[in-house]
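>>> Need the 3D shape of this:
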Amino acid sequence: MEILIFSVIFFIYGIVIGSFLNVVILRTPLKESLARERSHCMSCGHTLAWYDLFPLFSYLFLGGKCRYCKVHISCQYPIVEGLNGLLYAVLYLACGLSYHTLLYCLCTSALIALSFIDWRTKEIPPGFNIFIFLLGLIRLVTDIGNWSQYVIGLFAVSGFLLLLLLISRGRAMGGGDIKLMAATGLLLGWQLNIIAFLLGCVLGSIIHLTLMAVKKADRVLAFGPYLSMGVYIAMIWGEQLVSWYLSMWTFYNPPII
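Residues are numbered from 1 along each chain as shown. Below is the predicted model of the structure:
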């Protein structure tokens, strides 16, 4: 019963944060203020009342239309809110109730927002990487006994990507992706961050090649969403994947007696 209650709490908290994420996703690329201007309809400009802003429920109650101009509201709103709530609940179920679960939830929200923006603009705004970096500093301070794995994580993947960027003269990788891997490395530690990067590469290859074949997508891909998927998976199953790899290494390379 306790697990169910906390799962619901995490979900509700997640959809509320998801409502704010929609504002971030829409306004950040336009360089608009996130705090000064009240929420409004993107079609008619009418300022939304408080009862129009209930995450998920307002969209369902209004039938996906603006109360004032009756124009259809983008499905991005319920998708972002519901996704953020669902991923929060899954994180709780996988990691339990702890301080690093809360850090992972906040990181997940940043990953969702930057993924939507990067998908549209091919650019990761620096504020997201700074936010995740600050979460990593909190993780480092609260687990200072294992400081080395987080400091190494800061450079393990990002250093390799920076070298790749320099060799390719800026063609192989975007600077935002490198900074993202540095920030998540400080939060996750080097082992989980390597797992996250490898998963991101695999997912990016499979999904983008499929999109190129089916929807004639451009050859240039936004790597941020795939890296974000890898980071989220590593948060949940990274430790198990590392343990599995080490057990396979021991199996195929038994100790010499």
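
>>> make it CA atoms for all contacts and neighbour counts henceforth
OK.

>>> what about Val231, neighbour count?
Using other CA atoms under 10 Å, Val231 has 29 other residues around it.

>>> same deal with Leu211?
Neighbour count of Leu211, defined by other CA under 10 Å: 14.

>>> now the one 4 residues further on
For Lys215, the count of nearby residues is 10 (other CA under 10 Å).

>>> Hmm, Trp190 is touching Ala156, no?
Yes: Trp190 is within contact range of Ala156, at 6.1 Å (criterion: CA atoms under 8 Å).

>>> Which of the residues in stretch 63-78 are classified as buried?
Buried positions in stretch 63-78, judged by neighbour count with 16 or more other CA atoms under 10 Å: 64-67, 73, 77-78.

>>> Any idea which helix or strand in the protein has the lowest mean pLDDT?
None of the helices or strands of the chain scores lower by mean pLDDT, DSSP states H and E than helix 57-61, at a mean of 73.

>>> helices and strands around the helix or strand following it, which ones?
Downstream of helix 57-61, the first helix or strand assigned by DSSP states H and E is helix 76-95. Using 3 or more CA pairs under 8 Å, 6 or more residues apart in numbering; DSSP states H and E as the contact test, the elements touching helix 76-95 are helix 2-27, helix 99-121, helix 224-252.

>>> Now mean pLDDT and distance to Leu162 too, for those helices, in CSV please.
Formatted as CSV, the helices and strands packed on helix 76-95 follow (pLDDT from 0 to 100; distance: least, CA to CA, whole Å):
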stretch, mean pLDDT, distance to Leu162
helix 2-27, 91, 27
helix 99-121, 95, 19
helix 224-252, 81, 16
